[in-house]
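Participant: Starting from these lines, generate the structure:
(one chain, ligands or ions: 3)
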Amino acid sequence: MESKPKSLDLSSNSNSNSTSSGILSQLSSASARSPVEISSDRIRTLRFEEKMAADGRSNLKIVEGDFGYVLEDVPHLSDYLPNLETYPNPLQNNPSYAVVKQYFVHNDDTVPQKIVIQKNSPRGTHFRRAGPRQKVYFQPDDVQACIVTCGGLCPGLNTVIREIVCGLNHMYGVDKVFGIVDGYKGFYARNTVDLTPKSVDDIHKRGGTVLGTSRGGHDTMKIVDSIQDRGIHQVYIIGGDGTQKGASLIFEEIQRRGLKVAVAGIPKTIDNDIAVIDKSFGFDTAVGEAQRAINAAHVEASSVENGIGVVKLMGRYSGFIAMYATLASRDVDCCLIPESPFYLEGKGGLYEYIEKRLKENGHMVLVVAEGAGQELIAESLRSMDHQDASGNKLLLDVGLWLSQKIKDHFTNSGRMQITLKYIDPTYMIRAIPSIASDNVYCTLLAHSAIHGAMAGYTGFTVGLVNGRHTYIPFYRVTETRNKVVITDRMWARLLSSTNQPSFLSAKDIEEAKRAENLQKWRSSSGKFTLDGHHVMPEYDSNAENCDTENNGTTQKC
Ligand SMILES: Nc1ncnc2c1ncn2[C@@H]1O[C@H](COP(=O)(O)OP(=O)(O)O)[C@@H](O)[C@H]1O
Ligand SMILES: O=P(O)(O)OC[C@H]1O[C@](O)(COP(=O)(O)O)[C@@H](O)[C@@H]1O
Ligand SMILES: [Mg+2]
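Facilitator: Ligands and ions are numbered 1, 2, ... in the order given. Next up, the predicted model:
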């Protein structure tokens, strides 16, 4: 890591038929104008316009170092706008921050994606550490920044908005910040609202988003036209996987037009399904609020003979809220998530387990994530292959369906008299303000985004990786989705806490492991052959033995 600094010209308006020699010439010319102090033994950029663009990887910046060190770096304005002026970071004169020794982050600081390693393991993938830099690429007086929130609600959205507005103002003296109303379509179909530290002062105490949100309506050209016409320099985009895909397209178009505009994503998902990051903001709030519904279900169920409480929680593709709420509660007898298929009838099925629990304990509580059992429902109901405006699959209501099936199986068939209460707290959970710990987390995410944009980074999502704030390239958070790994110890812990059947055969377990391995390989460090194909990077045929202990997601190993 001592050799001289280099940076890469990755602008998407360069020759789309780049060959490896074209790339090498880009590399040597780029090395002369590096604003980003990255030192490494080698820098390779492999740019395969079509495939990479399709993968959202057209701005791939891979820096390799010793012992298998790989930095998946984020784009920088100077990658496509050479000779940009820099300015001293105003934080060095800020009375609050200047007192802290080493307040600025070193340009070589990076954060490993995988922290559990063995003696001979390669150092693996790293992300750029977030934080303030000595030099900034914007003069605060000139900056116009905007904020937009997209997708479903999540506790903490208002906190992030507040902290971007206040952080820009208090740390950098930026006072021209405005809000885009109602999500992406607001860029071209709505007026903006001015945001000042005063106007956002207490919005963190409210649920929802004061800016409004929406699904659908992403029109890259119209959005970038609006950014250009309004003279915006920094765009802060708060949203989930769909939103970050949209943000990536906006960044690419901004780069194609050669605009000095930084695009920063702040990942939002109540489902906690965004890849790479440790945890999404609002998740702890959601898990905490879910306890109230589970408690109510438990009180109802335990107050009658053969009482069953069913609670539906959010989680379209990933059952994290259900899993954590179950583990936290200890009153839950069965947790059903999308990642773990289940069946109703016969030996080892749900009905058999319910009957056993009722006989043993007189009542039971069942938590079901909204995306669980969708294939089962589709089998028994006419399949509805509908989508929302963003293209997300519209789900059939598993809570209602399951409650009815259980009632039919036990009471209506005369097998056993049960009393079932179904609680659906999903939107109540999503609409509350964030708890204290999420507020602090939101503040740090907002600050990371601001520091990154001011330092000229762009096309990045901020995220916590192994407890450190980082800048992650967009493609990394959009190419896969975090899911509960049912062959991981966290799910085993859940099974042992509820004592529910796993609903899995040995064959299912083998298949789940194979799928998990494939997922790991896909999300591994992203080395490619020159024709754009992956070489097997850190793929390890023994990867089942990797430690996914962190939070039971596919991303940690
Ligand atoms: N693949 C995509 N490309 C561009 N924009 C997208 C894409 N997917 C979703 N979006 C836009 O992102 C916004 C939010 O997406 P959505 O999936 O509803 O929520 P979330 O961002 O929370 O996943 C919507 O305005 C939608 O049009
Ligand atoms: O009713 P809506 O707004 O479509 O929201 C429902 C969906 O929103 C979510 O809470 C989160 O989805 P996003 O992260 O894509 O916004 C899902 O769990 C749920 O299926
Ligand atoms: Mg989504």
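
Participant: Three-state assignment for the residue located most distally from the centre of the chain, please.
Facilitator: Distance from the C-alpha centroid of the chain, by C-alpha atoms, centre = their mean, peaks at residue 414 (46.9 Å). Per DSSP: H, G, I helix; E, B strand; the rest coil, the secondary structure class of residue 414 is coil.

Participant: Pretty sure residue 315 sits against residue 370.
Facilitator: Yes: here residue 315 lies in contact with residue 370, judged by C-beta atoms under 8 Å, at a distance of 5.8 Å. Backbone N, C-alpha and C define where each C-beta goes, glycine included.

Participant: So for those two, which residue has more residues nearby?
Facilitator: Neighbour comparison, residue 315 and residue 370: the larger count goes to residue 315, with 29 against 25 (by other C-beta atoms under 10 Å).

Participant: Helix or strand for that one, just tell me which one.
Facilitator: Under DSSP states H and E, no helix or strand contains residue 315.

Participant: Check whether residue 494 sits in a helix, strand or coil.
Facilitator: helix.

Participant: now stretch 155-166: mean pLDDT?
Facilitator: Taken as a whole, stretch 155-166 has an average pLDDT of 98.

Participant: Give me the contact status of it with ligand 1.
Facilitator: No: legend: contact between stretch 155-166 and ligand 1 by C-beta under 6 Å from any ligand atom is lacking; minimum distance shown is 10.7 Å.

Participant: Check which residues of that stretch are buried.
Facilitator: Buried residues in stretch 155-166, defined by neighbour count with 16 or more other C-beta atoms under 10 Å: 155, 156, 157, 158, 159, 160, 161, 162, 163, 164, 165, 166.

Participant: So what does the residue in the stretch 101-250 of the chain that ligand 2 sits nearest to have for phi and psi?
Facilitator: Nearest residue of the stretch 101-250 of the chain to ligand 2 (C-beta to the nearest ligand atom) works out as residue 152 at 2.8 Å. For residue 152, the backbone dihedrals (degrees, to the nearest 10) come out as phi -70, psi 160.

Participant: ok, now residue 234?
Facilitator: The phi/psi pair for residue 234 (degrees, to the nearest 10) reads phi -140, psi 130.

Participant: and which of the buried residues of stretch 155-166 is nearest to residue 95?
Facilitator: Nearest to residue 95 among the buried residues of stretch 155-166, counting by C-beta to C-beta, is residue 166 at 16.1 Å.

Participant: Excluding chain neighbours, what is closest to the closest one?
Facilitator: residue 197 (4.9 Å; C-beta to C-beta, 6 or more residues apart in numbering).

Participant: Test my guess that that neighbour contacts residue 170.
Facilitator: Yes: Residue 197 lies in contact with residue 170 (C-beta under 8 Å); the separation is 7.3 Å.

Participant: Now do the helices for the stretch 351-500 of the chain: every range, in order, please.
Facilitator: Under the criterion DSSP state H, counting those that start in this stretch, the stretch 351-500 of the chain contains helices at 374-380, 398-407, 426-430, 436-454, 474-478, 489-498.

Participant: okay, those, which one's buried deepest?
Facilitator: Counting by mean count of other C-beta atoms under 10 Å, helix 474-478 has the highest mean neighbour count of the helices of the stretch 351-500 of the chain, with a mean of 25.

Participant: where does the protein come near ligand 2, residue by residue?
Facilitator: So far as C-beta under 6 Å from any ligand atom goes, the chain lies against ligand 2 at 151-152, 240, 242, 269-271, 314-316, 370, 388, 392, 430.
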